[in-house]
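J.: Okay, predicted coordinates and the sequence, questions at the end:
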Amino acid sequence: MTAHVMCLTSSGGIPIFARKKGEGDMMTFSKMASLNGVHMFLKSQNMELLNTNMPDTTVVWKEYEECITLIAIASGTTKRVLNQFLDAVFSAMILVVGIDDIKNPRNVERLKRDLRICNPIIDRLLECLDVGDRISTKTDLVDLTESIMCPENHLLQACLEAYVECLDSMYGCILIHGSLSVATESWWCLDPVERKLLTIAATTEDSCTARDLPVFLPNKSPNVAFRLVSVTLVNHIEVLSLCGPTPELSEVERLAIQCWRSSIDILRAAEQSYTKNFPFNISLDSGILGFLLVNYRIGKFVLSRNPQNTKNRVTGTHRLDILRTFYHQAVETFLLSEDIEECQTDSTETPKRLNQQENGQKFEGAKETYWCSEYHKCHAVKEGDQVFCVLYSATVPTHTMRLITHKTLKTLLADKQLCW
Amino acid sequence: MSLSTESSLFVGNSILLTINMSNAISMNWLNSTEGESLLHHFYNRSTNKRRFYGILERPPLPSSIEEVTYKIFIIGRSGVGKTSVVSRLAGNVGYSGYFETNGIKKTTIYWPVKIWDKVVLFKLHFWDTSENSIKKYNHILPVSFVILHQACKDKVDAVCTVFSFDDASSFNDVPQLMNSMSAIAEKPGNIVIGTKYRAWSSLAVTDTQVNEFEEKWKVKIIRIDTHKSVTRPEIFDCSYQLNWICETLWDRDQEFISKQVVQV
Ligand SMILES: Nc1nc2c(ncn2[C@@H]2O[C@H](COP(=O)(O)OP(=O)(O)O)[C@@H](O)[C@H]2O)c(=O)[nH]1
Ligand SMILES: [Mg+2]
């Protein structure tokens, strides 16, 4: 199965870039031109082409700032996810070149060249798409921050606050194996896609000791660049921050050593929570194969497999992929539809939806949902801002899933040291 | 350069008449019993991976082993393999796709060498960026542009010019590139690395050209193929290159010290 994304100028249909995931060839120029042609034609008729469905493939078109058209083609995923994905791709473009260069490119060839550094980011966003392939090494979601619950988080939080203050910044976070352990309040105030893109941008290449790269913030600062500075404190643990022109990289490193030197044991201990992603002292019910905990208000998630069950038949990333599929297909449809509606009316003011609300017929969204298949079952509950999805082995009776899910969620949320 | 202890001054003294390549470093030392006994600090045999250290860490070697720190700025035209070289020297193998480097990337590599009769730990800071990045910083962050460019060149011990064996023009650029950095106050040493090297095959840059270059500029050209598949622990496959880099840095220091000694 394959996913493609392509970017063209709206006015002339000049291709800017195309990326793909999965097997199969790159999109040919003529196919790209026809896909763009349909969109352009309808636009000339005052119609906006949004999407089309083929038996197992969806095509989504979206125009941005009246200058860029993005097209995504993918199988096995939902329109909602593809729309989010395209928004994230456009944000990635802003991240690297800023909105001005996109709106008023001095010349298209140059824009093309400048956008090349966006490629590794777009490839990682493609990885977030649930296209049913099993080659991905990581299960990620487009608009949520991948997190890790370490028992040391509350200690790291204090160090992080002191560190960003030293840098004269407000934005900082710690990544353990690429997953966020703690972040400053301002970091959480960034848009979820901004957070996603910043973590991707800082981790696209092989391990390095320190990085300093210019970034525009797609929502917060699309015209003025910041510096994203990351420093590897101990192997697999990086601290990220957004800085202005100063302090320069060597100085950042010096300050990092000063602020973190005494916390090296805490950092090493925190690293031990990987790959479990939640504390050792919490043990899961043996029927649980894995879980996905999402705070959809803040936009973050923890994905974990039950270490007791690693010998089980459904193993590896593939197993956790089921939870992602379940989340997109069942949870977002039934449990979060109200919130999705909120988001959509914010931006597009769909009249039909507004009518529904006037009638007082608004669908509040379900509290629970589940799937049963031959080898496993999925169960999700929504509680406050949290959605907790659990993957069970098929032997767990359907009616006990609810009990275990509630109990486990309570245990996870009770531990305040995790700074969830 | 942070060559601190007095003992190293003695070493400098004893080879006062520095020739260009002093062969102070034992090239095969990593395969010796002593080398092998320290290998686990740098290479993890159970995972077959190089050990990577964050800024708060260092290889836990006996404190008697001296550590020297160097800053190396990598230059060369876009696409010649600058980023791949650093990544390979840091222990990464396998092709992960070509992406242009964004911003500045700093990679620290710890490398033990045997110099004459003692083991010295080299801490090599490689600074990698791309021409485009520097231009872009200039364009979007006017204030810090100077700082950035300075950041790469500031207190630099060596400039490492990279060219590609399959692109003759990238090789012809090398003298000019080396020259462009000669104004730096610290008078950095010169390291030259040629990527995409394949033995026994015809390359755009020939062995004769390489020899002529080495003669003329008194600089050793280090050959590497970052994509070469490895059969033994990867660390043995780049020890030659890392040893040569250390040798160059060491010789430059000795020359510097010997000049000081002569002046006194
Ligand atoms: N076969 C081979 N390919 C290489 C070698 N070094 C670099 N490359 C490839 O050349 C391209 C550019 O490399 P990169 O390190 O990104 O170049 P940079 O722009 O100078 O940093 C990449 O596709 C690399 O995989 C080499 O020694 N052998
Ligand atoms: Mg590069």
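T.: Great, that's in hand. Ligands and ions are numbered 1, 2, ... in the order given.

J.: rest of the way, CA atoms for contacts and neighbours
T.: Will do.

J.: Going along the chain, name the helices of the stretch 51-200 of chain B.
T.: Counting by DSSP state H, counting those that start in this stretch, the stretch 51-200 of chain B has helices at residues B:82-89, B:131-140, B:142-153, B:168-172, B:174-180.

J.: need the least confident one among those, by mean pLDDT.
T.: When those are ranked by mean pLDDT, helix B:142-153 comes last with a mean of 58.

J.: Residues in a beta bridge with B:Asn44, which ones?
T.: B:Lys49 (DSSP bridges).

J.: mind checking pLDDT for it?
T.: 91.

J.: Now residue 228, what are its backbone angles?
T.: Picking chain A for this. With angles defined as degrees, to the nearest 10, A:Leu228 sits at phi -100, psi 120.

J.: that's the other chain; I wanted chain B
T.: phi -60, psi 130.

J.: how much space is there between it and B:Cys238?
T.: 10 Å (Cα to Cα, to the nearest Å).

J.: Is there a neighbour count for the closest residue to ligand 1 within chain A? I'd like the number.
T.: Closest to ligand 1 within chain A is A:Glu205: 10.5 Å, counting by Cα to the nearest ligand atom. Residues near A:Glu205, counting by other Cα atoms under 10 Å in any protein chain shown, number 15.

J.: Roughly how far does it sit from A:Ile264?
T.: 24 Å.

J.: Beta-bridge partners for the closest residue to B:Glu67 other than its chain neighbours, please?
T.: Counting by Cα to Cα, 6 or more residues apart in numbering or on different chains, B:Glu67 lies nearest to B:Leu121, which is 4.6 Å off, once chain neighbours are set aside. Taking DSSP bridges, one finds B:Glu67, B:Pro112 as the beta-bridge partners of B:Leu121.

J.: Quickly list what A:Ile176 is bridged to.
T.: Per DSSP bridges, the residues bridged to A:Ile176 are A:Ser179, A:Ile237.

J.: tell me the contacts of it?
T.: A:Ile148, A:His236, A:Ile237, A:Glu238, A:Glu271, A:Tyr274 (Cα atoms under 8 Å, 6 or more residues apart in numbering or on different chains).

J.: Now list the buried members of these.
T.: Buried members of the contacts of A:Ile176, scored by 16 or more other Cα atoms under 10 Å in any protein chain shown, are A:Ile148, A:His236, A:Ile237, A:Glu238, A:Glu271, A:Tyr274.

J.: which stretch of helix or strand covers the last one?
T.: To tie it back to what came earlier, the one meant is A:Tyr274. In this assignment (DSSP states H and E), A:Tyr274 forms part of neither any helix nor any strand.

J.: what are the ranges of the helices in chain A?
T.: Per DSSP state H, chain A carries helices over the ranges A:29-44, A:79-97, A:99-103, A:108-114, A:119-127, A:153-166, A:185-189, A:192-203, A:249-260, A:264-271, A:316-326, A:337-348, A:351-358, A:398-414.

J.: how about the second one: buried residues?
T.: What that stands for is helix A:79-97. A:79, A:81-83, A:85-97.

J.: rewinding a little: count the residues that sit near the residue nearest to B:Glu67.
T.: By other Cα under 10 Å, the residues close to B:Leu121 number 18.

J.: so does stretch A:208-227 get close to chain B?
T.: Yes: on the criterion Cα under 8 Å from any Cα of the partner chain, stretch A:208-227 is in touch with chain B at A:Cys208, A:Thr209, A:Ala210, A:Arg211, A:Asp212, A:Leu213, A:Pro214, A:Val224, A:Ala225.

J.: Write the ChimeraX selection for whichever of those residues are buried.
T.: Remark: buried members of the residues of stretch A:208-227 next to chain B, expressed as a ChimeraX selection using 16+ other Cα under 10 Å:
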select /A:208,209,210,211,212,213,214,225
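
J.: From the residues of stretch A:208-227 next to chain B, pick the one nearest B:Trp200.
T.: Checking the residues of stretch A:208-227 next to chain B against B:Trp200 by Cα to Cα gives A:Cys208 as the nearest, at 33.4 Å.

J.: which among the contacts of A:Ile176 gets closest to A:Leu335?
T.: Distances from A:Leu335 to the contacts of A:Ile176, taken by Cα to Cα, are shortest for A:Ile148, at 23.9 Å.

J.: Run through the strands of chain B in chain order.
T.: B:43-44, B:49-50, B:66-75, B:104-115, B:118-128, B:158-164, B:189-195, B:221-223 (DSSP state E).

J.: related to what we said a few turns ago, dump the residues of stretch A:208-227 next to chain B into CSV; add pLDDT and distance to B:Arg252 as well.
T.: Formatted as CSV, the residues of stretch A:208-227 next to chain B follow (pLDDT from 0 to 100; distance: Cα to Cα, whole Å):
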residue, pLDDT, distance to B:Arg252
A:Cys208, 91, 27
A:Thr209, 96, 25
A:Ala210, 96, 27
A:Arg211, 94, 28
A:Asp212, 92, 29
A:Leu213, 91, 32
A:Pro214, 91, 35
A:Val224, 91, 43
A:Ala225, 90, 40
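
J.: Can you flag which of the residues of stretch A:208-227 next to chain B belong to strands?
T.: Reading strands off those with DSSP E, I get A:Ala210, A:Arg211, A:Asp212, A:Leu213, A:Pro214, A:Val224, A:Ala225.

J.: Find the nearest non-adjacent residue to B:Ser213, please.
T.: Heads up, residue B:213 is Phe, not Ser. Nearest to B:Phe213 is B:Val219, by Cα to Cα, 6+ apart, at 7.6 Å.

J.: what residues are up against that neighbour?
T.: B:Asn190, B:Ile191, B:Val192, B:Phe213.

J.: Okay, now the unreliable bits of the stretch 51-200 of chain A?
T.: A:132-137 (pLDDT under 70).

J.: Same question for the stretch 151-264 of chain B.
T.: For the stretch 151-264 of chain B (pLDDT under 70), the answer is B:262-264.

J.: Pick out the residue of it closest to chain A.
T.: Per Cα to the nearest Cα, B:Ala151 is where the stretch 151-264 of chain B lies closest to chain A, at 7.0 Å.

J.: so how many other residues sit close to that residue?
T.: 19.

J.: for A:Leu255, what are its contacts?
T.: A:Tyr163, A:Cys166, A:Leu167.

J.: from those, which is closest to A:Glu109?
T.: Distance ranking of the contacts of A:Leu255 against A:Glu109, using Cα to Cα, places A:Leu167 first at 37.1 Å.

J.: In space, not sequence, find me the middle residue of chain A.
T.: A:Val142 (3.1 Å; Cα atoms, centre = their mean).

J.: so how far is chain B from the nearest residue to that residue once chain neighbours are set aside?
T.: Using Cα to Cα, 6+ apart and skipping the chain neighbours, the partner closest in space to A:Val142 is A:Cys128 (5.6 Å). Applying Cα to the nearest Cα, to the nearest Å, the value for A:Cys128 to chain B is 18 Å.
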